[in-house]
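*Asks:* Need coordinates for the following:
(2 chains)
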2 protein chains.
Amino acid sequence: MNGHLAVVGLGPGGARYLTPEADAALAAAQALYGYGPYLARVPMRANQTRHASDNREERSRAAAALAHAAQGMRVAVVSGGDPGIFAMAAAVCEQIEAGPESWRALEVAVVPGVTAMLAVAARIGAPLGHDFCALSLSDNLKPWTLIEQRLDAAARAGFVIALYNPVSRARPWQFGAALERLRRHLPPSTPVVFGRAVTRADEHIDVVTLDHAAKLEADMATLVIIGSRETRVLARPGKLPLVYTPRAFLEPSA
Amino acid sequence: MNGHLAVVGLGPGGARYLTPEADAALAAAQALYGYGPYLARVPMRANQTRHASDNREERSRAAAALAHAAQGMRVAVVSGGDPGIFAMAAAVCEQIEAGPESWRALEVAVVPGVTAMLAVAARIGAPLGHDFCALSLSDNLKPWTLIEQRLDAAARAGFVIALYNPVSRARPWQFGAALERLRRHLPPSTPVVFGRAVTRADEHIDVVTLDHAAKLEADMATLVIIGSRETRVLARPGKLPLVYTPRAFLEPSA
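*Replies:* Residues are numbered from 1 along each chain as shown, chains lettered A, B, ... in the order given. You can find the predicted model right below:
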């Protein structure tokens, strides 16, 4: 009997952003694996075991879930947002490649979800309305110099930039350094959006300019969007502004 | 009385990828605006008018929906995928900026959805598992030279690249030219994923290498993902391979 592993995107947090497909995949699982706070979002169901692990244990969590599925079980690994964006789907693929041949015979289904940058962008207008890139600021698995090269390339080429994992306890200076780097390429007035805990009870959205961005707090629950030279801020009476990047390219390239 | 405009992401197509939040926004609307085939995905409801328009009429569709909402109505504009990614949210913001002052007083809600690149990536593993960018190949609203600069920058810097709008009837050569451009920077063996009509009945996913990619057909319903030097293809017996980009950067920068 073949086992089945689903890697399920829970979306940004609010229950109304979980897709029916993801909900069905969770309901069908005999065992759930994930980071504790993500597992806590999933309704309890009978005849289902739960295996919580710490944030930085992606590798061992993926391996344990695969070994469990290989016993012929239906197993789900949960991810915040979308499992394919700086999350569990790549960790599972890495373990399949490194693991026993039998893991390649498992049924594997990745169930997409609304990733944080889409939810934050939606809250404030359409800052990702034109070409953009998504970059993790974590230098746990890649050198900082590579992150700098990518920030330079993205800003110079006019991409809007979504920054995942801007700050953690172990990485206190990287976000400030990234902003400083981006200021070499982008005007001080470039709009920057901070979206914290988007769609959850403690959601907080801020819009600032690049020259003031460093003064704002970011943490692991924050997604930061750095505009391009095209990105506009449209003030509205009594409301958050609309931040958007037009579909048309208007200025000559810098 | 204030009007209300929702810009609603329908997800990639399959009904099970529509979020409950999007479904609720559609149900609450008195009038629906959108491209005909997208409107056709929305269940018919009583006391709701429908205003279908052609694919390339984003500007007039957004303006008509805003004018309708400004009469104190609840109006929804529908988008395939996520409305903030090469879709209607930016078009609505543009029209608000260009339109009468009263439009800035409207309640505007953008409801995110699963955009095509997430759905295609999920079907094949985790090709977007590390830093990536999203680029529209349409040169209707930006010069082709800018698109080439961005392809160069993204490939050189090691971003995986998701290509939206690779081909249309009016733009037959651009996709081939983009592949040719990318071959200057990436090895012939770079994995390329073609995802057509993902999550719909006629879904079709292909994995090829960059040197063979030009031989495959792409159209407006196709989302193409070009791997980076890090992206791996993991063969599996009797199944599509898993395509994924590891979370760790292993090679020296090119």
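*Asks:* all helices for chain A, in order.
*Replies:* Under the criterion DSSP state H, helices of chain A are mapped to A:20-28, A:36-39, A:58-69, A:88-98, A:116-124, A:144-156, A:174-183.
*Asks:* Comparing those helices, which comes out most buried?
*Replies:* Sort the helices of chain A by mean neighbour count, taking mean count of other CB atoms under 10 Å in any protein chain shown, and helix A:116-124 sits at the top with a mean of 28. (Glycine included, C-beta is placed from N, CA and C.)
*Asks:* Quick one: residues in contact with it.
*Replies:* A:11-12, A:17, A:80-81, A:85, A:127-128, A:134, A:162, A:164, A:193, A:195, A:198-199, A:203, A:205, A:207, A:223, A:225, A:240-243, B:9, B:82-85, B:89, B:110-113, B:115 (CB atoms under 8 Å, 6 or more residues apart in numbering or on different chains).
*Asks:* Quick one, which of those residues are buried?
*Replies:* By neighbour count, with 16 or more other CB atoms under 10 Å in any protein chain shown, the contacts of helix A:116-124 hold A:11-12, A:17, A:80-81, A:85, A:127-128, A:134, A:162, A:164, A:193, A:195, A:198-199, A:203, A:207, A:223, A:225, A:241-243, B:9, B:82-85, B:89, B:110-113, B:115 as buried.
*Asks:* List the ones among the residues you listed that fall in strands.
*Replies:* A:134, A:162, A:164, A:193, A:195, A:207, A:223, A:225, A:242-243, B:9, B:110-111 (DSSP state E).
*Asks:* any chance of the residues you listed in JSON lines, plus distance to A:P172 and pLDDT?
*Replies:* Converted to JSON lines, these look like this (distance: CB to CB, whole Å; pLDDT from 0 to 100):
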{"residue": "A:A134", "distance to A:P172": "22", "pLDDT": "98"}
{"residue": "A:A162", "distance to A:P172": "21", "pLDDT": "98"}
{"residue": "A:Y164", "distance to A:P172": "17", "pLDDT": "97"}
{"residue": "A:V193", "distance to A:P172": "22", "pLDDT": "98"}
{"residue": "A:G195", "distance to A:P172": "20", "pLDDT": "97"}
{"residue": "A:V207", "distance to A:P172": "24", "pLDDT": "97"}
{"residue": "A:L223", "distance to A:P172": "18", "pLDDT": "97"}
{"residue": "A:I225", "distance to A:P172": "21", "pLDDT": "98"}
{"residue": "A:L242", "distance to A:P172": "32", "pLDDT": "98"}
{"residue": "A:V243", "distance to A:P172": "27", "pLDDT": "98"}
{"residue": "B:G9", "distance to A:P172": "35", "pLDDT": "98"}
{"residue": "B:V110", "distance to A:P172": "33", "pLDDT": "98"}
{"residue": "B:V111", "distance to A:P172": "35", "pLDDT": "98"}
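*Asks:* now, the most widely separated pair of those residues?
*Replies:* A:Y164 and A:L242 (23.2 Å; CB to CB).
*Asks:* Next one, pLDDT for A:P252 please.
*Replies:* The model reports A:P252 with a pLDDT of 49.
*Asks:* ignore the last one, A:R169
*Replies:* Reading off the model, A:R169 has pLDDT 87.
*Asks:* For it, grab the count of nearby residues.
*Replies:* Neighbour count for A:R169, taken as other CB atoms under 10 Å in any protein chain shown: 7.
*Asks:* what's the residue in the stretch 101-250 of chain A that chain B sits nearest to in contact with, if anything?
*Replies:* Across the stretch 101-250 of chain A, the shortest distance to chain B (CB to the nearest CB) belongs to A:G129, at 2.9 Å. Shown in contact with A:G129 (CB under 8 Å, 6+ apart): A:244-247, B:84-86, B:89-90, B:93.
*Asks:* Dump those residues to TSV, plus distance to A:Q174 and pLDDT.
*Replies:* Formatted as TSV, the contacts of A:G129 follow (distance: CB to CB, whole Å; pLDDT from 0 to 100):
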residue	distance to A:Q174	pLDDT
A:Y244	28	98
A:T245	25	98
A:P246	31	96
A:R247	32	90
B:G84	26	98
B:I85	27	98
B:F86	30	96
B:A89	30	98
B:A90	30	98
B:C93	31	98
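*Asks:* and which of the residues you listed is nearest to B:M44?
*Replies:* The nearest one, if we look at the contacts of A:G129 relative to B:M44 and count by CB to CB, is B:A89, at 24.7 Å.
*Asks:* How much space separates the closest one from B:A213?
*Replies:* 30 Å (CB to CB, to the nearest Å).
*Asks:* now do A:G227
*Replies:* A:G227 is 32 Å from B:A213, by CB to CB.
*Asks:* go on, A:A69?
*Replies:* Relative to B:A213, and taking CB to CB, A:A69 is found at 33 Å.
*Asks:* Then A:R150?
*Replies:* 24 Å.
*Asks:* And stretch A:41-60, what's buried?
*Replies:* A:41-42, A:48, A:50, A:53, A:58.
*Asks:* May I ask which two of those are separated the most?
*Replies:* A:Q48 and A:E58 (21.5 Å).
*Asks:* A:A24 contacts B:R16, doesn't it?
*Replies:* Yes. Between A:A24 and B:R16 there is a contact under CB atoms under 8 Å: 7.0 Å.
*Asks:* so where's the stretch 51-200 of chain A uncertain?
*Replies:* Confidence mapping of the stretch 51-200 of chain A against pLDDT under 70 gives zero matching residues.
*Asks:* how about a cut-off of 90?
*Replies:* A:55-56, A:140-141, A:168-170 (pLDDT under 90).
*Asks:* Provide a list of residues in contact with the residue nearest to A:L151 when sequence neighbours are not counted.
*Replies:* Nearest residue to A:L151, sequence neighbours excluded (CB to CB, 6 or more residues apart in numbering or on different chains): A:R181, at 5.0 Å. Going by CB under 8 Å, 6+ apart, A:R181 touches A:148, A:151-152.
*Asks:* ditto for A:T190
*Replies:* A:182, A:209-210, A:226-229, A:231.
*Asks:* Could you export these as CSV, including distance to A:Q174?
*Replies:* Converted to CSV, those look like this (distance: CB to CB, whole Å):
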residue, distance to A:Q174
A:L182, 13
A:T209, 21
A:L210, 16
A:I226, 14
A:G227, 20
A:S228, 21
A:R229, 24
A:T231, 23
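*Asks:* of these, buried ones?
*Replies:* A:182, A:210, A:226-229, A:231.
*Asks:* A:P188: how many residues sit nearby?
*Replies:* 10.
*Asks:* Find the nearest non-adjacent residue to it, please.
*Replies:* A:D211 is the one closest to A:P188 (CB to CB, 6+ apart), at 3.7 Å.
*Asks:* same question, A:L242
*Replies:* A:G125 (3.7 Å).
*Asks:* Please apply the same query to A:A29.
*Replies:* Here the residue nearest A:A29, using CB to CB, 6+ apart, is A:A76, at 3.7 Å.
*Asks:* Count the neighbours of that neighbour for me.
*Replies:* So A:A76, with other CB under 10 Å, has 26 neighbours.
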